[in-house]
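S.K.: the amino acid sequence is not available; the structure is as follows:
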């Protein structure tokens, strides 16, 4: 099976939040396990390993995080439907952190974007020109469709 994407297909905000929560639990568990040996190691896993996990999964491999994969989601270029690459994944992560971490008005307005409009884009989606889309599977060696002649 190969995976293709329908670029711009809106994803329910609850799926995006659940995906984020799954990934957060994974990073927190890894950080806690590493931190049981040394608090400094746990902090490094949390603050360095967490972002590296996201950048590798979304930006480098283009497969998405574990949360994305479990819920059938992927982050793609909003124009072409292709992968967004490391730089845009880094921009997306940076804007998300800047709007979510303070838990202020910026976070509220960014989240509102996921609930409004046809494409349900938050600020980090706009900044990186990306969209969270559903993952579709198609047969790799599908027989050619013959046309009547």
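M.R.: Received the coordinates, thanks. Just so it is clear, the structure is predicted and the values come from calculations on it, not from any experiment. Residues are numbered from 1 along each chain as shown.

S.K.: buried stuff in stretch 46-59?
M.R.: 46, 49, 50, 51, 53, 54, 55, 57, 58, 59 (16 or more other CB atoms under 10 Å). (Glycine included, C-beta is placed from N, CA and C.)

S.K.: dump those residues to CSV, plus secondary structure and distance to residue 37.
M.R.: CSV is the format used below for the buried residues of stretch 46-59 (DSSP: H, G, I helix; E, B strand; the rest coil; distance: CB to CB, whole Å):
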residue, secondary structure, distance to residue 37
46, helix, 14
49, helix, 14
50, helix, 18
51, helix, 21
53, helix, 19
54, helix, 24
55, helix, 25
57, helix, 25
58, helix, 29
59, helix, 29
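
S.K.: shaky segments in this protein?
M.R.: 1-10, 101-119, 136-149 (pLDDT under 70).

S.K.: heading C-terminal from the top helix by length along the chain, find the next helix or strand.
M.R.: Ranked by residue count, the top helix of the chain under DSSP state H comes out as helix 13-35. Next along the chain after helix 13-35, taking DSSP states H and E as the criterion, comes helix 39-44.

S.K.: so which elements touch that following helix?
M.R.: helix 13-35 (3 or more CB pairs under 8 Å, 6 or more residues apart in numbering; DSSP states H and E).

S.K.: now what about the helix it packs on, what contacts it?
M.R.: 41-46, 49-50, 53-54, 65-68, 70-71, 73, 111, 114-115, 120, 132 (CB atoms under 8 Å, 6 or more residues apart in numbering).

S.K.: about what we covered before: could the buried residues of stretch 46-59 be laid out in a markdown table, adding distance to residue 14?
M.R.: Shown next, in a markdown table, are the buried residues of stretch 46-59 (distance: CB to CB, whole Å):
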| residue | distance to residue 14 |
| --- | --- |
| 46 | 25 |
| 49 | 27 |
| 50 | 22 |
| 51 | 24 |
| 53 | 22 |
| 54 | 20 |
| 55 | 25 |
| 57 | 21 |
| 58 | 20 |
| 59 | 25 |
